[in-house]
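**Q** With the input below, show me the fold.
(2 chains)
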Amino acid sequence: MVLEEIVRRCYFQKFRMKIYITSESAITALNGDISNWETNPLEKENVLSCIEPNYAEFLDPRATRRMSRMMKMGMTAALMCLQKSNVNIPDAIITATGLGCLADTDAFLSKLSHGEGQVLNPTPFIQSTHNTVSGAIALHLQCHNYNNTFTQRGFSFESALTEASLLLNEYPNQNILVGALDETIHRVNQIIQQLRDLKTSNHKMVPVGEGFSFFLLSGIPVADALTLSCFKTFYNTPAEQLHAAYSEIVSQEAIPDLILLGTNGNEKNDRQYDWISSLKIPVLNYKKYCGEYPTAPAFAHWMACNILRKGHSGMNNPKKILIYNHSEGRNHSFTFIEK
Amino acid sequence: MRIFVTGTGVISCIGNGVNENFNSLVSSRHGITSLSEELDAFLPGFPIGRIQLTNQQLSEISGGNAKWPRAALLSLMAAKEALSVLKQKNKLRIGFISATTVGGMDLTENGYANWQKSGIFNSRDFINHECGRTTELVADLLGINGFVTTINTACSSSANAMMMASRLIKQGIIDVAIAGGTDALTRFTLNGFNTLLILDQQHCRPFDASRAGLNLGEGAGYLLLAGEHMADQFGMEPICELKAYCNANDAYHQTASSPEGAGSFLAMSQTLEIGGIKPGKIDYINLHGTGTSNNDASEATAISQLFRESIPAHSSTKSYTGHTLGASGGIEAVYSTLAIQRNAMFPNLRFETAMSEIGVSPVTTFQHKEITNVLSNSFGFGGNCSSLLFSKV
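**A** Predicted structure coming up:
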């Protein structure tokens, strides 16, 4: 009965098939090797900025000179992901960004508010649209296929993953490139810091972060593909119902041996994850490695893939990982990824 | 599963509501006015498609909050109208798939202006900035929680919202969806398009040889989409069917369209193929038709390539509303459903001379004619090209 109620009232998705992760990539604040994660000094910083890759390995330096940081990082992450697969041209490109191309938006707004209306440079405006990176990837690959961009705050990546699932249900043979992009800029960090300072419950929060991650998904597994065995999203759902939904899922699937949890240090936010502790399953609070940003759950997906592929220090090589995140208690999502 | 359009809602500079918009379309009454000093100091006198209601008035009519982004207020107006045909709301899982390119940019630019004046950067000025926030404000007020998300693929956003909504319905995640988009005029977009030198300082002339750019407009347009069985079960009268759709990419340039219209050709031709409709069966095309030299030449080339000797009647209703960016696909989808429902074709205002290189000529007078299949085009920055096919049930 409880489940029927959830099915009626929440977005509880019952996709018929499994999705396979052919390859994944990310540009993060972490310095390469995941064995360092536990001792990583990231927590002391106010802002977790990504370590820029060597763009020249992926993009023509003449082209990158004119590109924003968002474009360079986003495109490089996308190309890194494709390079790890045998797919040159994906059948769809779907990106997610909570805040869009902030640096260009801020540049254009600053000039505008300085009253420089007549002498504005069009480049920041052109590069400020949310679909800039998905369009630039299509242009770079000469990919005429499906192309979309979601921007639903903390539910942006989950929206893109939902659409990829819908498309793969319809066309299982397709290879879909799903990416998540959010950048930090000084002024927005200031705004977030100001807003955080208003409440003491925010004072132990993880830093503001950013990240660029891509996943190549298909309905057909290739060798070494990971399985995204279950992906479900819930809207404004009380903890007991989430717990019931979780029990229902694991009654059909194996119990995960690791949970990547979206806690961020805010008491009110983290309280919603409390029911997880009763499961007695090891938990990794992933946001201390990437910071808080709208598409941070994409980082967790990348991290899960990494742990499954390469193992993780201090753990018995997890075989099945649950990623559980919610944004402001509004949108909750479960993803199960396994070998 | 067939997807039916069972409700429509629209607000634009040619009217508040479907009927006012239809009456303006029928009587060739455009809504383009001159940009006042109050909205933007840099571009006085530029023609714009401004809705003549203040945020205060919009909030009083819609029940929204006057402090919301203007795009959210416009969205609420149109979404409410689209939803008004649905009587048993609490029995259905309703989705809200909305498109916007500016979101709360109008408030954000005020925040920057305040910072410029006072030297203080007030974080509270920016809490409604995100595009997704505009969608959430409206979804929450309407009590919608089936599936809520936002799409921003520039000018093609609304069409992509309708595709996402259709798939969510077909695969049983929601029962019905309000799908479309909203955008308000902002200094950001006005000045942005001005830096690209594609704003016409006169009233725009889509598909005309003398065209010199677009006029920006604002508004919102939504369809209430429902699966065939749900429409039947809940007594929703189908207006028409959203029969097919396709999203393709031009992959030519960050902002410009390819001369041969590769992306628009793909979007249109694959839509027809998926819908199982021969090109000769299209009765009317609601063009993207922005009025820029580049877009119209590219779109016209793609149309003449696809339809060859039998080019269907076509027109750009942006000659009435201006280019409403992320909302345009939603507003024009409503106009496309009107074309089918009322067997009508709307004139392309201010068209005089065909583009010499292509020679296609849009409809220039209001016409009554049996309309069965309508193609609606939306193309945009990033090479995003989308077409929708609406058919009589």
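**Q** can you tell me the helix or strand for the closest residue to chain A within the stretch 1-150 of chain B?
**A** Closest residue of the stretch 1-150 of chain B to chain A, C-beta to the nearest C-beta: residue B:42 (2.8 Å). In this view, the C-beta of every residue, glycine as well, is placed from N, C-alpha and C. Residue B:42 belongs to no helix or strand when assigned by DSSP states H and E.
**Q** From what I see, it and residue B:195 are in contact.
**A** No: here residue B:42 does not reach residue B:195: they are 10.5 Å apart, not a contact under C-beta atoms under 8 Å.
**Q** Counting neighbours around each, name which of these two comes out higher.
**A** residue B:195 (20 against 16; other C-beta atoms under 10 Å in any protein chain shown).
**Q** what sits against the closest residue to that one other than its chain neighbours?
**A** Using C-beta to C-beta, 6 or more residues apart in numbering or on different chains and skipping residues adjacent in sequence, the residue nearest residue B:195 is residue A:122, 3.8 Å away. Applying C-beta atoms under 8 Å, 6 or more residues apart in numbering or on different chains, we find residue A:122 in contact with B:192, B:195-196.
**Q** hmm, the strand or helix carrying residue A:112 in reach of chain B?
**A** Assessed by DSSP H and E, residue A:112 sits inside helix A:102-113. Yes: with C-beta under 8 Å from any C-beta of the partner chain as the criterion, chain B is reached by helix A:102-113 at A:108-110, A:112-113.
**Q** Quick one: residues contacting the residue sitting furthest away from the middle of chain B.
**A** Most distant from the centre of chain B: residue B:119, at 37.9 Å, with distances by C-alpha atoms, centre = their mean. Contacts for residue B:119 (C-beta under 8 Å, 6+ apart) come out as none.
**Q** beta partners of the one residue in the stretch 201-339 of chain A that gets nearest to chain B?
**A** Nearest residue of the stretch 201-339 of chain A to chain B, counting by C-beta to the nearest C-beta: residue A:235, 4.8 Å away. Beta bridges link residue A:235 to residue A:331, judged by DSSP bridges.
**Q** I'd assumed residue B:144 was in contact with it.
**A** No: applying C-beta under 8 Å as the test, residue A:235 and residue B:144 come out as separate, 9.7 Å apart.
**Q** Please say which of these two ends up with more neighbours.
**A** More neighbours surround residue B:144 than the other of residue A:235 and residue B:144, with 24 against 18 (other C-beta under 10 Å).
**Q** Wasn't the more buried one part of a strand?
**A** No: Residue B:144: not assigned to a strand; according to DSSP: H, G, I helix; E, B strand; the rest coil it is coil.
**Q** Average pLDDT for stretch B:240-247, rounded please.
**A** For stretch B:240-247, mean pLDDT rounds to 98.
**Q** Please parse chain B into its domains.
**A** B:3-233, B:243-391 (automatic domain parsing).
**Q** and the residue nearest to residue B:195, what pLDDT?
**A** Note for residue A:122: predicted pLDDT of 93.
**Q** Tell me the helix or strand right after the helix holding residue A:112.
**A** Next helix or strand after helix A:102-113 toward the C-terminus (DSSP H and E): helix A:122-126.
**Q** Run the chain-centre distance for that next one.
**A** Here helix A:122-126 is found 26 Å from its chain centre; the criterion is C-alpha atoms, centre = their mean, to the nearest Å.
**Q** Export stretch B:88-98 to PDB, keeping only CA atoms.
**A** Output of stretch B:88-98 as PDB, limited to C-alpha atoms (Å, rounded to 0.1, in the frame of the first residue of the first chain):
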ATOM      1  CA  GLN B  88      -9.800  16.200 -11.200                       C
ATOM      2  CA  LYS B  89      -6.300  17.500 -10.500                       C
ATOM      3  CA  ASN B  90      -5.700  15.500  -7.300                       C
ATOM      4  CA  LYS B  91      -6.200  12.200  -9.100                       C
ATOM      5  CA  LEU B  92      -3.500  12.600 -11.600                       C
ATOM      6  CA  ARG B  93       0.300  12.800 -11.600                       C
ATOM      7  CA  ILE B  94       0.900  16.100 -13.200                       C
ATOM      8  CA  GLY B  95       4.300  17.100 -14.600                       C
ATOM      9  CA  PHE B  96       5.500  20.600 -15.300                       C
ATOM     10  CA  ILE B  97       8.200  20.700 -17.900                       C
ATOM     11  CA  SER B  98       9.000  24.400 -18.500                       C
END
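**Q** Could you verify my assumption that residue B:228 touches residue B:1?
**A** Yes: between residue B:228 and residue B:1 there is a contact at 6.0 Å, judged by C-beta under 8 Å.
**Q** Can you show me the strands along the stretch 101-250 of chain A?
**A** A:146-150, A:175-182, A:208-209, A:211-218, A:226-235 (DSSP state E, counting those that start in this stretch).
**Q** by contact count, what packs against the last one?
**A** Taking 3 or more C-beta pairs under 8 Å, 6 or more residues apart in numbering or on different chains; DSSP states H and E as the contact definition, the neighbouring helices and strands of strand A:226-235 are strand A:19-27, helix A:156-170, helix A:239-252, helix A:296-310, strand A:331-338.
**Q** Over to the fourth one?
**A** Here strand A:211-218 touches strand A:19-27, helix A:69-83, helix A:156-170, strand A:175-182, helix A:296-310, going by 3+ C-beta pairs under 8 Å, 6+ apart.
**Q** what's the most centrally placed residue in chain B in contact with, if anything?
**A** Nearest residue to the geometric centre of chain B (C-alpha atoms, centre = their mean): residue B:328, 1.8 Å. By C-beta under 8 Å, 6+ apart, the contact set of residue B:328 is B:155, B:158, B:181, B:288, B:318, B:321, B:378.
**Q** can you check residue B:387 too?
**A** Going by C-beta under 8 Å, 6+ apart, residue B:387 touches B:159, B:245-246, B:264, B:267-268, B:271, B:375-378.
**Q** And the helices in chain B?
**A** With DSSP state H as the definition, chain B shows helices at residue ranges B:18-26, B:55-62, B:70-83, B:105-118, B:131-142, B:157-170, B:187-195, B:228-233, B:262-275, B:293-307, B:318-321, B:328-341.
**Q** Adding mean pLDDT as columns, could you present these in TSV?
**A** Below are the helices of chain B laid out as TSV (pLDDT from 0 to 100):
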stretch	mean pLDDT
helix B:18-26	98
helix B:55-62	98
helix B:70-83	98
helix B:105-118	92
helix B:131-142	97
helix B:157-170	97
helix B:187-195	94
helix B:228-233	92
helix B:262-275	97
helix B:293-307	96
helix B:318-321	98
helix B:328-341	98
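**Q** Which of the residues of helix A:102-113 next to chain B sits closest to chain B?
**A** Distances from chain B to those, taken by C-beta to the nearest C-beta, are shortest for residue A:113, at 3.9 Å.
**Q** Okay, domains of chain A per the record?
**A** A:2-12+A:226-338, A:19-218.
**Q** Pick the most deeply packed of these.
**A** Burial of the domains of chain A is given as mean neighbour count (mean count of other C-beta atoms under 10 Å in any protein chain shown); domain A:19-218 ranks first at a mean of 21.
**Q** Cheers, nothing more for now.
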